[in-house]
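Trainee: predicted model, plus sequence, below.
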Amino acid sequence: MILRPAATADIDALVALEASFPAEDRFDRRTWRRLLSGHAATLVAAAPEAPDQLLGAAVMLYRRGLALARLYSITVAPAARGKGVARALMAACEADATARGARAVRLEVRSSNSSAIRLYEAGGYRVIATLESYYPDGEAALRMEKCLNAPSNGAP
Ligand SMILES: CC(C)(COP(=O)(O)OP(=O)(O)OC[C@H]1O[C@@H](n2cnc3c(N)ncnc32)[C@H](O)[C@@H]1OP(=O)(O)O)[C@@H](O)C(=O)NCCC(=O)NCCS
């Protein structure tokens with residue numbers, strides 16, 4: 001699997017990755033363009049034989065001077081799920097955050113999204129808060145955090 005930073009040429013493929021999501025959970029082309037040019041790092045995964053066909057993508061947000069990075073989005077194409085693509089993307093995002101001086105990564109996830117919550121727990125993230133009515137449809141979010149020097153298998 002290839003992991004590389006996303007480029008503007010990937011925008012159609014990034015939009016296609018989220019095509020099956022509810023409208024309020026999707027980024028439109030304008031948002032992707034903004035994410036690719038601002039204080040964000042978007043990493044994409046692809047098979048070596050088809051580098052333009054995306055298997056998944058993850059977006060990290062960085063604020064200047066802040067030791068806390070934010071995992072803003074992670075998506076794997078339905079046909080590529082269950083093969084470690086998200087785990088590889090998260091490891092690459094965490095390495096990127098460490099290289100930029102971040103000491104922790106924080107994220108929010110829908111409280112009903114059990115596969116994502118398991119992914120994060122397996123990666124060493126812990127729930128630090130429940131945010132009621134966080135999403136536009138009223139669903140709560142779990143706020144999770146990982147210290148970047150912590151072990152990734154969740155062991156104490
Ligand atoms: C959540 C998501 C990113 C996982 O991607 P993935 O590539 O299938 O995940 P991986 O194969 O890397 O799984 C890594 C670990 O996560 C956990 N996990 C992932 N999917 C899971 C599922 N459906 N059920 C239970 N655990 C799951 C497991 O612990 C897994 O490790 P294991 O395979 O050794 O058991 C993917 O299902 C997805 O894109 N969902 C829709 C978008 C989304 O919900 N994004 C997160 C919120 S923004």
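Mentor: Good, I have the coordinates. As the structure is a computational prediction, the values presented were derived from the model and not from experiment.
Trainee: please make it C-alpha for all contacts and neighbour counts, starting now.
Mentor: OK.
Trainee: for the ligand, see how far away Ala50 is.
Mentor: From Ala50 across to the ligand, the span is 17 Å (CA to the nearest ligand atom, to the nearest Å).
Trainee: give me the pLDDT for that residue.
Mentor: With respect to pLDDT, Ala50 scores 91.
Trainee: just give me the neighbour total for it.
Mentor: Residues near Ala50, counting by other CA atoms under 10 Å, number 11.
Trainee: pull out the buried positions in stretch 53-65.
Mentor: For stretch 53-65, burial by neighbour count (16 or more other CA atoms under 10 Å) applies to Gln53, Leu54, Leu55, Gly56, Ala57, Ala58, Val59, Met60, Leu61, Tyr62.
Trainee: okay, now the unreliable bits of this structure?
Mentor: The model of the chain has pLDDT under 70 over residues 150-156.
Trainee: just want the most central residue of it.
Mentor: Centroid-nearest residue in the chain, with CA atoms, centre = their mean: Ile74, separated by 3.0 Å.
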